[in-house]
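S.K.: Pasting a predicted model and its sequence here:
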Amino acid sequence: MNNFTLLISFEYVHEAHIVQGYLESNDIIVFLQDVLTIQENHFYSNAIGGVKIFVHESQIEEATHLLKAGGYLAENGGDLVSKVKHYKTERKHRNICPHCQSKNFAINKKANWLTVLSYFIIGSFLPVYSTTYHCFDCREEWKWSKADSVENKI
Ligand SMILES: [Zn+2]
């Protein structure tokens, strides 16, 4: 573990294994942390920071370059997932991507930290989800919120 640095983390175990295989096929030595914890109980993923991929310090630059080339990191070094944008519109207009007007998108529901908090307070999980949308054509992610016009009518 000495001289290893955190490279990237993922919410799901399978995402980390895909990147692990990609990096190892390019002769990068990696190891994963918290895989079994998150496999056992996925609700812990957000609480403990996801599945972490560590890389030796001597290979961190090469690994970062590979992640950017593979589309796992943005060019500025930020996580692509953190590029979620917010749009306001009425519910009936939420059937297309706001960037490219494509209908080829998916809805991602992720349990947020309130789910884990409910476990510690009442001893049971009360799933509280955060919903984001991902477009397969332009690869953008976004969230919808209520349009202002609805509030103005009151
Ligand atoms: Zn799109």
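M.R.: Perfect, thanks for sending it. Note that the structure is a prediction, hence the values are computed from the model and not measured.
S.K.: Report pLDDT for Val30.
M.R.: Listed pLDDT for Val30 reads 94.
S.K.: bridging residues for it?
M.R.: Per DSSP bridges, the residues bridged to Val30 are Val55.
S.K.: Then Leu73?
M.R.: Asp79.
S.K.: repeat for Thr5
M.R.: Here Thr5, judged by DSSP bridges, has bridge partners Val55.
S.K.: ditto for Trp142
M.R.: With DSSP bridges as the rule, Trp142 is bridged to Lys85, Tyr133.
S.K.: Quick one: residues contacting it.
M.R.: Residues near Trp142 by Cβ atoms under 8 Å, 6 or more residues apart in numbering: Val84, Lys85, His86, Tyr87, Cys97, Pro98, His99, Thr132, Tyr133. Every C-beta, even on glycine, is put in place using the N, C-alpha and C of the backbone.
S.K.: Among the residues you listed, which one lies nearest to Asn46?
M.R.: The shortest approach to Asn46 among the contacts of Trp142 belongs to Thr132, at 13.3 Å (Cβ to Cβ).
S.K.: didn't that closest one look like it was pressed against Asn112?
M.R.: No - counting by Cβ atoms under 8 Å, Asn112 is not a contact partner of Thr132; they are 11.1 Å apart.
S.K.: Which one of these two is surrounded by more residues?
M.R.: Neighbour comparison, Thr132 and Asn112: the larger count goes to Thr132, with 16 against 13 (by other Cβ atoms under 10 Å).
S.K.: And for the more buried one, nearest residue in space, chain neighbours not counted?
M.R.: Asn108 (4.9 Å; Cβ to Cβ, 6 or more residues apart in numbering).
S.K.: Around that neighbour, how many other residues sit close by?
M.R.: Count around Asn108 with other Cβ under 10 Å applied: 15.
S.K.: do Lys109 as well
M.R.: 10.
S.K.: part of a strand, is it?
M.R.: Yes - assigned with DSSP: H, G, I helix; E, B strand; the rest coil, Lys109 falls within a strand.
S.K.: Okay, and the beta partners of it?
M.R.: Thr131.
S.K.: quick revisit: in TSV, list the contacts of Trp142 along with distance to the ion and pLDDT.
M.R.: Shown next, in TSV, are the contacts of Trp142 (distance: Cβ to the ion, whole Å; pLDDT from 0 to 100):
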residue	distance to the ion	pLDDT
Val84	13	73
Lys85	11	79
His86	15	82
Tyr87	12	84
Cys97	3	90
Pro98	8	89
His99	4	87
Thr132	13	87
Tyr133	9	90
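S.K.: Thank you, goodbye.
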